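*Asks:* Here is a sequence with its predicted model. Questions after.
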Amino acid sequence: MKYSIGVDLGGTNIAVGIVDESYRIIKKGSVPTLAQRGPEPIIHDMAELCKKLLEECEISVADVAGAGIASPGTVNPDSGIVEYANNIKFSDFPLVALFSKEMGMPAEKVKIGNDANLAALGEAVAGAAKGSKSSVMITLGTGVGGGVILDGMVLTGCAYGGAELGHMVIEKDGRQCSCGRKGCLEAYCSATALVKLTKEKFEEAPDSLMREMCENDINRVGGKTAFAAMKKGDKAGAEVVETYLSYLACGVANLINIFQPEIFTIGGGVSGEGDNLIIPLKEKVCKETYSKDNTLKTDLRIARLGNDAGIIGAAAFATK
């Protein structure tokens, strides 16, 4: 049995898993990132957690087939350098060189990739897109991340910053996005955007059930508020969900028209709405896709791996 290491480096936590050749996590753990410390202590803690888990599994570093690291930001897998990551303050940081030294592992056995891209790879090898040759994934969380897998390979672009799917404009001169553009998918379809949309309706609809659910306190509005109100028959909540799904369908249909993947997966916190999200979304997307009359159509699914997607994708990337 061959084993690999998958590391998902986040702004809040470092998650590590020991993964077997069937892409099953046999042991995992996490430690706080404490990003304000700077990159070197973060990499030290990352390596120490990897060694601890290997020891618990009675696997030596020498016997590991490879280690993959899913990092935020613009990541150069060829040089092993994180060119820029704003939430961990990496800038031209030689992550592979330092990590391999801390691990006592040859640098050629360590690979890095963008976290959203590798989460998409995780879903492709072991999750909702398993068995497909082409898939696209978007994650609806604080922002909108994404990844594109074509013929089993991660699409990164010439400067390794490809598949920033959340920064596709769906409303020209629309809402301000954190990236500097206006009208991005992220500005309309992230969990953050959903909360903003819900708060706007909260203020407009004094009789909405959302007010009762939040004890009339707008600061208690969350990403689940509108969906929860809709399920109880609240008109205002249903209007929020309808608006949100219309924007999301626009973005998903655009991506399907561009890539025509076999499977399109949706992950992140909002995907937890399950059928209440995916069923009406499918209906809207079907009306907007160029291939709506084709015999073969993209299969739209909820992602399955949750927070394990980055770990599994990183481990898979290490051995590809």
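*Replies:* Nice, I can see it.

*Asks:* what ranges do the strands span in this protein?
*Replies:* Here the chain has its strands, by DSSP state E, at 3-9, 13-20, 25-32, 64-71, 74-76, 81-85, 90-93, 110-114, 134-140, 144-150, 153-154, 263-267, 299-302.

*Asks:* Make CSV out of those strands and add mean pLDDT and mean neighbour count.
*Replies:* For glycine as for every other residue, the C-beta is placed from the backbone atoms N, C-alpha and C. Shown next, in CSV, are these (pLDDT from 0 to 100; neighbours: other CB atoms under 10 Å):
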stretch, mean pLDDT, mean neighbour count
strand 3-9, 97, 27
strand 13-20, 97, 22
strand 25-32, 97, 15
strand 64-71, 97, 25
strand 74-76, 93, 22
strand 81-85, 91, 20
strand 90-93, 92, 18
strand 110-114, 96, 25
strand 134-140, 97, 28
strand 144-150, 95, 25
strand 153-154, 93, 18
strand 263-267, 98, 25
strand 299-302, 97, 18
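
*Asks:* With distance to residue 124 as new columns, can those strands be given to me in TSV?
*Replies:* Output for the strands of the chain, formatted as TSV (distance: least, CB to CB, whole Å):
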stretch	distance to residue 124
strand 3-9	14
strand 13-20	15
strand 25-32	16
strand 64-71	14
strand 74-76	18
strand 81-85	23
strand 90-93	26
strand 110-114	13
strand 134-140	5
strand 144-150	5
strand 153-154	9
strand 263-267	8
strand 299-302	12
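
*Asks:* of all those strands, which lies closest to residue 208?
*Replies:* strand 134-140 (22.9 Å; CB to CB).

*Asks:* Distance from the closest one to the middle of the chain?
*Replies:* Distance of strand 134-140 from the chain centroid (CA atoms, centre = their mean, to the nearest Å) equals 8 Å.

*Asks:* got it, and stretch 3-14?
*Replies:* For stretch 3-14, the distance to the chain centre is 13 Å (CA atoms, centre = their mean).

*Asks:* Tell me which stretches of the protein form helices.
*Replies:* 39-56, 95-103, 115-126, 185-189, 191-204, 209-213, 225-231, 235-259, 275-288, 309-318 (DSSP state H).

*Asks:* Residue 205: what's its closest spatial neighbour, skipping adjacent residues?
*Replies:* In this structure, residue 205 finds its nearest non-sequential neighbour in residue 236, 3.8 Å apart by CB to CB, 6 or more residues apart in numbering.

*Asks:* need the contact list for that neighbour.
*Replies:* By CB atoms under 8 Å, 6 or more residues apart in numbering, residue 236 lies in contact with 201, 202, 204, 205, 207, 208, 209, 210, 229.

*Asks:* now do 6 Å
*Replies:* Neighbouring residues of residue 236 by CB atoms under 6 Å, 6 or more residues apart in numbering: 201, 205, 208.

*Asks:* Let me have the helices of the chain in a markdown table, extended by distance to residue 80 and mean pLDDT.
*Replies:* Formatted as a markdown table, these follow (distance: least, CB to CB, whole Å; pLDDT from 0 to 100):
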| stretch | distance to residue 80 | mean pLDDT |
| --- | --- | --- |
| helix 39-56 | 12 | 97 |
| helix 95-103 | 3 | 97 |
| helix 115-126 | 15 | 96 |
| helix 185-189 | 28 | 97 |
| helix 191-204 | 32 | 97 |
| helix 209-213 | 48 | 96 |
| helix 225-231 | 42 | 98 |
| helix 235-259 | 28 | 97 |
| helix 275-288 | 37 | 97 |
| helix 309-318 | 12 | 97 |
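
*Asks:* Dump the ones you listed into TSV; add distance to residue 72 as well.
*Replies:* Output for the helices of the chain, formatted as TSV (distance: least, CB to CB, whole Å):
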stretch	distance to residue 72
helix 39-56	12
helix 95-103	11
helix 115-126	5
helix 185-189	14
helix 191-204	16
helix 209-213	33
helix 225-231	28
helix 235-259	21
helix 275-288	25
helix 309-318	10
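
*Asks:* of the ones you listed, which approaches residue 73 most closely?
*Replies:* helix 115-126 (8.3 Å).

*Asks:* Counting by contacts, list what the closest one packs against.
*Replies:* The contact analysis (3 or more CB pairs under 6 Å, 6 or more residues apart in numbering; DSSP states H and E) places helix 115-126 against strand 64-71, strand 134-140, strand 144-150, helix 309-318.
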